[in-house]
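Q: only geometry, no sequence info:
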């Protein structure tokens, strides 16, 4: 299937997920296991996506300018910077490290 | 105008502006990941869930398949199912409002509604934040996509570093406490171990499976990690309301105690 196809699949699944929450019996809300899985899934996926975008190049693990971006973003987050500033810090760190000849 | 004097509407509007601006980073990163303008807009208009949108382009940008991208996006969207149940119980939308409310059910609208006690204010907060974020998130996605297209080589501008920072920024507010941090560390390790062994995109799904199993087989409630990603009543409204109502600041917020106060995600989920 083309990328367009998968985009539409992702959109349909996202909407179905939201709509399903309005259609299930209210008693489901009392199931703590489901809320718990939703919470751990979210944390695990975001941690995984952070790693993949920092270290993966195809199927290889590499250390390059993106490591500097990770460090700069972490510093910005520790300093409680807003999200947009965090993103800009990551971009600036990667761009400057490349300008300096690394990664 | 009375509508604009509602505290929930004020909060919803300010969140819409703050969150909408993040659309610029999504639009720019999406075209850098290889999606075109219309594909980028389709994600913001139809998928409309920031975390899932970033996940989709993150997998595609890393060379993963469309199937892996859709899988990661769908799993991140499961949070919205829980929000939707909460909003259904709180707002009880009927008729055409129900499918509309479903599309607008994200971190920001859920948080804005949940922070109010009065049912009318809950309604106004949900719809103002939901519709406001929807309009501005899409507007700024378009701006970001056009700007990103004009930039040329994304690596020269560090856009791959921006993606790293964006994911860390989404994860950060959920890492309060030892347990969420431990789950994140385990899943990060599983990912790094799986990258050389499996096709691109699949290591993310492996980490999701690990995270899901941890959630399924551990029984303590996880207090952090599933609240909406933002704290709309942190500043300055809480202090303002407290002055007027002679109440301690933030009494009306059910999840007071979170220390965040920063919106992290764009349309949540």
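A: Sure, I can see it. Here the structure is a predicted model, which means the values were calculated and not measured.

Q: please make it C-alpha for all contacts and neighbour counts, starting now.
A: OK.

Q: give the contact list for residue B:138.
A: By CA atoms under 8 Å, 6 or more residues apart in numbering or on different chains, the contact set of residue B:138 is B:20, B:23, B:41, B:44-45.

Q: for those, which entry has the maximal number of neighbours?
A: The most neighbours of any of those, using other CA atoms under 10 Å in any protein chain shown, belong to residue B:23, which has 28 neighbours.

Q: thought residue B:135 was touching it, still the case?
A: No - look at residue B:23 against residue B:135 with CA atoms under 8 Å: they stay out of range, at 10.4 Å.

Q: for the contacts of residue B:138, give me TSV that also has secondary structure and distance to chain A.
A: Supplementary listing: the contacts of residue B:138 in TSV, determined by DSSP: H, G, I helix; E, B strand; the rest coil; distance: CA to the nearest CA, whole Å:
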residue	secondary structure	distance to chain A
B:20	helix	11
B:23	helix	10
B:41	helix	11
B:44	helix	9
B:45	helix	9
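
Q: residue B:55 and residue B:46, how far apart?
A: Residue B:55 sits 15 Å away from residue B:46 when distances are taken as CA to CA, to the nearest Å.

Q: what about these two, which has more around it?
A: When residue B:55 is set against residue B:46 and neighbours are counted by other CA under 10 Å, the residue ahead is residue B:55, at 27 against 16.

Q: burial count for residue 27?
A: Just so you know, I chose chain A. The number of residues packed around residue A:27, counting by other CA under 10 Å, is 8.

Q: actually chain B
A: Other residues near residue B:27 number 32, with proximity taken as other CA under 10 Å.

Q: any weak-confidence spans in chain B?
A: By pLDDT under 70, the weakly predicted segments of chain B are B:1-2, B:219-269.

Q: where do the helices sit along it?
A: Applying DSSP state H to chain B gives helices spanning B:2-5, B:7-32, B:37-42, B:50-61, B:66-76, B:78-91, B:97-103, B:107-114, B:119-151, B:159-171, B:178-194, B:202-217, B:237-245.

Q: which other residues reach the fifth one?
A: Residues external to helix B:66-76 that are found in contact with it (CA under 8 Å, 6+ apart): A:1-3, A:6-7, A:9-10, A:13-14, A:41-42, A:45, B:51-53, B:55-60, B:201-202, B:204-205, B:208, B:269.

Q: only the buried subset of those, as a PyMOL command please.
A: Provided next is the PyMOL selection string for whichever of those are buried by 16 or more other CA atoms under 10 Å in any protein chain shown:
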select buried, (chain A and resi 3+6+7+9+10+13+14+41+42+45) or (chain B and resi 51+52+53+55+56+57+58+59+60+201+202+204+205+208+269)
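
Q: give me the residue at the spatial middle of chain A.
A: The C-alpha lying nearest the average C-alpha coordinate of chain A belongs to residue A:46 (CA atoms, centre = their mean; 4.2 Å).

Q: is it true that that residue touches residue B:169?
A: No - taking CA under 8 Å as the definition, residue A:46 is not a contact partner of residue B:169, at 9.4 Å.

Q: touching chain B at all, stretch A:8-21?
A: Yes - remark: stretch A:8-21 sits within contact range of chain B at A:9-15, A:17-21, by CA under 8 Å from any CA of the partner chain.

Q: in helices only, show me those residues.
A: Filtering the residues of stretch A:8-21 next to chain B for membership in helices, criterion DSSP H, returns A:9-15, A:17-21.

Q: a markdown table please, covering those and showing pLDDT.
A: Formatted as a markdown table, the entries for those read as follows, by pLDDT from 0 to 100:
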| residue | pLDDT |
| --- | --- |
| A:9 | 98 |
| A:10 | 98 |
| A:11 | 98 |
| A:12 | 98 |
| A:13 | 97 |
| A:14 | 97 |
| A:15 | 98 |
| A:17 | 96 |
| A:18 | 97 |
| A:19 | 97 |
| A:20 | 96 |
| A:21 | 93 |
